[in-house]
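1. Just to be clear, the model below is a prediction. Sequence and coordinates:
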Amino acid sequence: MKKYRESIMKVVFLIAACISIVAVVMICGFLFVNGFPAIAEIGPLEFLGGLIWKPQADQYGILPMIIGSIYATAIAIIVGVPIGLLCAVFMAHFCPKKLYKILKPAISLLAGIPSIVYGFFGLVVLVPMMQSIFGTGKSILTAGILLGIMILPTIIEISESSIRAVPSSYYEGSLALGATHERSVYRAILPAAKSGIMAGIILGIGRAIGETMAVVMIAGNQPVLPTSILQGARTMTANIVMEMGYATGLHRGALIGTGVVLFVFILLINVCFSLVKKKEQK
């Protein structure tokens, strides 16, 4: 009976894996089949390097959106990664049990908050705050800070799980050699959990670069090349969601082409992570 159960579960797992692969292939196929013809018609250099996005004049340059996405994601990394990593270390090895019982559900709740609610928070709290400090509220900086807050749960939960997964012998061996508790955590446990921590950071970056609704509400949505992080900008995702509802013909193809560029960005991030991981294993 046990043999049959194992065989059935193997088949179930295989089917689930095949469904995932088919879903990814279908998404890739849809994007490339519908996006590449538009990119070819516009011209790859004009599409990727063009500074003007005016569908009414058949001008489809997405460089301002690419730069806006990179700026916002970079700020999110600067804000979210150090805070998330330090919070994960604190929860794994420094947090009192009573505080942990409060902190852990709070972080899980933070992960479940809809992006539109984050957008309202940014619009009501962050935008007036930034306006009082810098004179401009809706900007790349505001969007980046909000994205940094949004990626915190992903980084914290995955990093904490990776840190807790490190065998206790690493910590005990470090203590036996005379290291302090803090030194043992930062010099013995963290390097051993580096792979899992990097995975959490990569997933956080993926969420930041793919976030839409919250960014639409507070980034300013100006399809022009930003020269400062205090200016408004439009990200690639915001560009798609704002115009796809009424786009037709080449305009629609250009928006799908923007999705192709976004997909390639995330693919490159994952490939870079895989290469770094392989070098570390060697």
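-> Cool, the structure landed.
2. C-alpha only now, for contacts and for neighbours.
-> Fine.
3. Figure out how far stretch 154-167 is from the centre of its chain.
-> For stretch 154-167, the distance from its own C-alpha centre to the chain's C-alpha centre is 18 Å (Cα atoms, centre = their mean, to the nearest Å).
4. whoops, stretch 122-140 was the one
-> 22 Å.
5. Average pLDDT for that stretch, rounded please.
-> Per-residue confidence for stretch 122-140 averages out to 89 on the pLDDT scale.
6. Show which residues not belonging to that stretch make contact with it.
-> When contacts are defined by Cα atoms under 8 Å, 6 or more residues apart in numbering, stretch 122-140 is touched by residues 68, 71-72, 142, 146, 214, 217-220, 229-233.
7. do the same with stretch 163-183
-> Identification of contacts with stretch 163-183 by Cα under 8 Å, 6+ apart yields V89, A92, S184, V185, A188, I189, L190, A192, A193, G196, I197.
8. most surrounded residue in those residues?
-> The member of these surrounded by the most neighbours (other Cα atoms under 10 Å) is I197, with 25 neighbours in all.
9. burial of the residue nearest to it when sequence neighbours are not counted, as a residue count?
-> Residue nearest to I197 in three dimensions, not counting chain neighbours: S159, with 4.6 Å by Cα to Cα, 6 or more residues apart in numbering. Residues within reach of S159, counting by other Cα under 10 Å, total 29.
10. who's in contact with S159?
-> Residues counted as contacts of S159 (Cα under 8 Å, 6+ apart) are L85, A88, V89, A193, G196, I197, G200.
11. Can you name the next helix or strand after whatever helix or strand it lives in?
-> For S159, the host element (DSSP states H and E) is helix 152-165. Tracing the chain past helix 152-165, the next element assigned as helix or strand by DSSP H and E is helix 168-176.
12. downstream neighbour of that next one in the secondary structure list?
-> Using DSSP H and E, the helix or strand that directly follows helix 168-176 along the chain is helix 181-184.
13. pretty sure L225 contacts P64?
-> Yes - applying Cα atoms under 8 Å as the test, L225 and P64 come out as touching, 4.2 Å apart.
14. Have a look at these two and say which one is more surrounded.
-> The residue with more neighbours, out of L225 and P64, is P64; 25 against 20, by other Cα under 10 Å.
15. just checking, that one touches N221?
-> No - counting by Cα under 8 Å, N221 is not a contact partner of P64; they are 10.7 Å apart.
16. overlap in contacts of the two?
-> A233, R234, T235.
17. Closest one to I39 out of the residues you listed, please.
-> Each of the shared contacts of P64 and N221 was scored against I39 by Cα to Cα, and T235 proved nearest at 18.3 Å.
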